[in-house]
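>>> Show me how the following folds:
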Amino acid sequence: MLQAKQRFVRISVIATALIALMAAPLGAARPALMRAASRPTTHTPVMGANLLNADQLARWYNHVRGGTPPSAPGVNNDVRVLAQTFIDEGRMQGVRGDLAFVQSIIETGWFSFPDYGQIRPWFNNFAGMFAFNGRARGYHCSDEAAPSRCFASAAVGIRTQIQLLRGYADSTTRNMRLLIHPPGDRIGVAPIWELFGGSSGKAIWATAPNYGVEIIKLYSEALVYSGARAACLPYSPGGSSAQSGRGYWVAGSDGGIQTFGSAQFFGSAGNLPLRKPIIGAESNPAGSGYWMAATDGGIFNYGRAGFYGSTGRIHLVAPILGMKRTVQGHGYWLVAFDGGVFSFGDARFHGSMGHRHLNAPVLGMERTASGNGYWLFASDGGLFSFGDARFYGSLGARHLPAPIVSMARTASGRGYWMLGADGSVYSFGDAPFYGSVAGCGFSSASRLLASPTGHGYWVETVDGTVIALGDARRLGFPARITGTAVGLMLRP
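Predicted structure coming up:
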């Protein structure tokens, strides 16, 4: 058994980044966590290879605009030539021209240059450069005061935009001879689009807090139109059928809580000196509070979630790795690495795997719809049923590409899903398959949360990205997170 645990610890550090936190108090781990504090959950590089070529950009543009050409006299109003210019100029600077093209769509109103803006189509200015707040609407380039908002050609205007993007993204440009530079304190500070906007306090290109994210959202639509998997695009708006779910909370290993949709903030342990990291979280049935559980079994309750006991002061044979509340929310279970189960409040004990041989350690649990039973799942996909929990299949006999890290039952309770650390989703019983994020290149998956209807689910990754599949509503995810995302709680 000891050998099995040691082997799993090595696997889990790579797969979920959860078990690595168990061996030391959070205080010991905090320096590494703090270094990651400013890292957004997703990374959309300003520089690098394009994902879309000029033909794809032009087809998408014409599809959205119904064939209406851009107001770009510098390229004879030819959207394909315009897109190719972005690609070519971007390639010379190592900047993603396809994303710069989408940025210009937002800046110019789909290259329509509306009358309320400062820039005219013949300015060859596709990104509002030098269009400072308070400047009058431009008309004749000959009347422009310095700095002029006009450029000699479409290529020069796009080149200036591309070089400015590089300046924000690449600190090595500080001493380069470029057509334009960002303010000195902003050179090289935004290598990814998620940092563009005013949220950092430095107003990277624009003051709107979500400026960069809005560009990526529109870019995601272009990618989907060109054949990309929407499930692999965290900013993709999804289909109109995604209507299930009003809100959720994302919990971090440092005790932080972030809210989305209608989920309210009731407090967090983010500023507390935790003895051990948080490993799981549960919301109460009314959505008026939540609990967080640490690896030592310590319980932190907020809002109207009651405290019913913990193992925080008990010497445990193995750390706690999972938590589940009861149907009424007047109690909860904790499950340990060795399969031991601890019951509190109105949670009834229906059995455990403690002191029994395990081929792989237990990573969590799920209760039945009635609350009169539960399943325990192991990292190898093995499943153990207790109480009125029925067995609908498992993965214990299969060779898996990655450990199982999460489980959720269907609304009927006659089936369940299992989630692999690689983003694979496995369905059993009456659980339909709504897709997975395997192969998308995300960081390791950490949690699966079923939508209220059971016709979809959310997949959370350890960096806090939340992907909606099926009818699960896209409600967003943290812009930044410290530590590891270890909980995804539904707002009923």
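
>>> What mean pLDDT does the strand or helix carrying residue 458 get?
Residue 458 is part of strand 456-461, with elements assigned from DSSP states H and E. Mean pLDDT, strand 456-461: 97.

>>> Show me the shaky parts of the stretch 1-150 of the chain.
1-39 (pLDDT under 70).

>>> so where do the helices sit in it?
2-15, 26-35, 54-65, 79-93, 97-108 (DSSP state H, counting those that start in this stretch).

>>> Okay, angle between the fourth one and helix 54-65 too, please.
Spelled out, that is helix 79-93. 130 degrees (axes from the mean of the first three to the mean of the last three C-alpha atoms, to 10 degrees).

>>> Could I have the CA atoms of helix 79-93 written out in CSV?
What follows is helix 79-93, C-alpha atoms only, in CSV (Å, rounded to 0.1, in the frame of the first residue of the first chain):
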residue,chain,number,x,y,z
VAL,A,79,-10.9,42.5,-46.9
ARG,A,80,-8.7,39.7,-48.1
VAL,A,81,-5.9,42.1,-49.0
LEU,A,82,-6.4,43.9,-45.6
ALA,A,83,-6.2,40.6,-43.7
GLN,A,84,-3.1,39.5,-45.6
THR,A,85,-1.4,42.8,-44.8
PHE,A,86,-2.0,42.1,-41.1
ILE,A,87,-0.5,38.6,-41.5
ASP,A,88,2.5,39.8,-43.4
GLU,A,89,3.3,42.8,-41.1
GLY,A,90,2.8,40.6,-38.1
ARG,A,91,5.1,37.9,-39.4
MET,A,92,8.0,40.4,-39.8
GLN,A,93,7.7,41.3,-36.1
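
>>> Can you point out the buried residues in that helix?
Across helix 79-93, burial judged by 16 or more other C-beta atoms under 10 Å covers 79, 81, 82, 83, 84, 85, 86, 87, 89, 90, 93. Where you see a C-beta, it was placed from the backbone N, CA and C, and this is true even at glycine.

>>> Residue 101 contacts residue 84, doesn't it?
No. The pair residue 101 and residue 84 fails to qualify as a contact (C-beta atoms under 8 Å) at a distance of 9.6 Å.

>>> Give me the domain ranges for the protein.
54-225, 239-490 (automatic domain parsing).

>>> Please compute how far the longest one lies from its chain's middle.
It stands for domain 239-490. Its chain's average C-alpha position is 17 Å from that of domain 239-490, according to C-alpha atoms, centre = their mean, to the nearest Å.

>>> try stretch 215-232
With C-alpha atoms, centre = their mean, you get 15 Å for stretch 215-232.

>>> mind listing what's buried in it?
215-225, 228, 230-232.

>>> same thing with stretch 148-168?
149-151, 154-168.

>>> can you pull out the strands in the stretch 301-450 of the chain?
Applying DSSP state E, counting those that start in this stretch to the stretch 301-450 of the chain gives strands spanning 320-325, 331-336, 341-345, 362-367, 373-378, 383-387, 404-409, 415-420, 425-429, 445-450.

>>> what is the rounded mean pLDDT of the third one?
It stands for strand 341-345. For strand 341-345, mean pLDDT rounds to 98.

>>> cool, the last one as well?
Confidence over strand 445-450 (mean pLDDT, whole number) is 98.

>>> just the first one next, same as before
Strand 320-325 carries an average pLDDT of 97.

>>> elements contacting it?
Identification of packing neighbours for strand 320-325 by 3 or more C-beta pairs under 8 Å, 6 or more residues apart in numbering; DSSP states H and E yields strand 278-283, strand 289-294, strand 331-336, strand 362-367.

>>> Give me the sheet partners of the last one and which way each runs.
In other words, strand 362-367. Counting by DSSP bridges, the strands paired with strand 362-367 are strand 373-378 (antiparallel).

>>> next one: the third one
The partner list of strand 331-336 in its sheet, established with DSSP bridges, is strand 320-325 (antiparallel), strand 341-345 (antiparallel).

>>> circling back: mind putting the buried residues of helix 79-93 into a markdown table with distance to residue 443?
Converted to a markdown table, the buried residues of helix 79-93 look like this (distance: C-beta to C-beta, whole Å):
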| residue | distance to residue 443 |
| --- | --- |
| 79 | 36 |
| 81 | 39 |
| 82 | 36 |
| 83 | 32 |
| 84 | 34 |
| 85 | 35 |
| 86 | 30 |
| 87 | 29 |
| 89 | 32 |
| 90 | 27 |
| 93 | 29 |
